[in-house]
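> show me the folded form of this:
(one chain, ligands or ions: 3)
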Amino acid sequence: MPSLGRLHLITDTRPGCDPLAVVRAALPVARADLVVQVRVTDDTTDRQAYDLARRVRALCVPYEATCLVNDRLHVALAVDAHGGHVGADDLPVAAARRVLGPAAVLGATAREPDAAARAVAAGASYLGVGPCHPTATKTGLPDPIGPAGIHAVVAAVAVPVIAIGGVTAATVPALRAAGAYGVAVVGALSTAADPGRATAELIAALTC
Ligand SMILES: Cc1ncc(COP(=O)(O)OP(=O)(O)O)c(N)n1
Ligand SMILES: Cc1nc(C(=O)O)sc1CCOP(=O)(O)O
Ligand SMILES: [Mg+2]
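Numbers count the residues shown, from 1 in each chain. Ligands and ions are numbered 1, 2, ... in the order given. All right, here's what the predicted structure looks like:
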């Protein structure tokens, strides 16, 4: 299994968004450094999620980018995605690992060191940790943990930590300095006037 990409593009399927256009713009820039996580709104049907994931999976192939599916692991299996991501309202990590198999990429959300260690022991191959900063993309989240919260988790686990929540190219250096392996973004790409350029800025911040 190749090393995990450092830039995780999470699809934005809210009204007015064009997730496939954003993926198409990001792929030639970030290539194998890109992980596309197919995340759909709760009211999206499984058929719609499957159709989007199938298209994303196909787009990723020529760039050797990674395709993951959020929450809906049956969709991940159905499109032969590289893996999935689960959080507190989804299948437990150990059950998700059983569903996806030993070779799959499996991400788990963890917000503090103890939960992070439990998720890794249960089979997570990377952790999504946040929210780092305030975000308008998801409601109901706890207060932002900042780079210090990222560092606390990094110190507790030996798997890649992906920082999420309000991440922009400007906030990447502090997160990397805190030990984050990479970052996951929704708005920084989905609301960008030029998603290709925004991808280049994020990749530059992640690799310097
Ligand atoms: C990389 C990454 N980190 C965290 C999350 C959040 O997952 P979860 O807590 O299950 O919330 P939803 O995304 O399902 O609303 C994520 N998706 N990706
Ligand atoms: C889906 C999600 N999960 C989070 C968490 O902290 O678990 S923050 C988040 C939204 C991230 O969107 P943006 O990059 O636009 O802030
Ligand atoms: Mg979830």
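> in stretch 112-131, what's buried?
Within stretch 112-131, the residues that count as buried by 16 or more other CB atoms under 10 Å are 113, 115-117, 119-120, 123-131. Bear in mind the C-beta positions are built from the backbone N, C-alpha and C, glycine included.
> for stretch 25-44, same thing?
For stretch 25-44, by 16+ other CB under 10 Å, it's 25-27, 29-30, 33-40.
> and the average pLDDT for it is what?
Averaging pLDDT along stretch 25-44 gives 98.
> centre of the chain to that stretch, how far?
8 Å (CA atoms, centre = their mean, to the nearest Å).
> quick one: distance of the lengthiest helix in the chain to the chain centre.
If you go by DSSP state H, the chain has its longest helix at helix 46-60. Here the centre of helix 46-60 is set off from its chain's centre by 16 Å, with CA atoms, centre = their mean.
> next SSE after it?
strand 66-70 (DSSP states H and E).
> just checking, what packs against whichever helix or strand comes after that following strand?
Reading on from strand 66-70 to the C-terminus, the next helix or strand found by DSSP H and E is helix 73-78. For helix 73-78, the packing partners by 3 or more CB pairs under 8 Å, 6 or more residues apart in numbering; DSSP states H and E come out as helix 46-60, strand 66-70, strand 83-86, helix 93-100.
> any residue of helix 73-78 up close to ligand 3?
No: judged by CB under 5 Å from the ion, helix 73-78 and ligand 3 are separated, with a smallest distance of 10.5 Å.
> so where's the protein uncertain?
1-2 (pLDDT under 70).
> all helices for it, in order.
Under DSSP H, the chain gives helices at 19-30, 46-60, 73-78, 93-100, 113-121, 146-154, 172-177, 187-190, 195-207.
> for the shortest one, output the C-alpha coordinates as CSV.
C-alpha atoms of helix 187-190 as CSV (Å, rounded to 0.1, in the frame of the first residue of the first chain):
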residue,chain,number,x,y,z
GLY,A,187,-14.5,24.8,2.1
ALA,A,188,-10.9,25.7,1.2
LEU,A,189,-11.5,23.9,-2.1
SER,A,190,-15.2,23.8,-2.6
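> residues of it that come out buried?
So helix 187-190, judged by 16+ other CB under 10 Å, has buried residues 188-190.
> and for the last one?
When burial is assessed from 16+ other CB under 10 Å, helix 195-207 yields the following buried residues: 195-196, 198-199, 201-203, 205-206.
> ligand 3 contacts on the protein?
Going by CB under 5 Å from the ion, the residues of the chain near ligand 3 are 71, 87, 90.
> closest to residue 152 out of the residues you listed?
residue 87 (18.5 Å; CB to CB).
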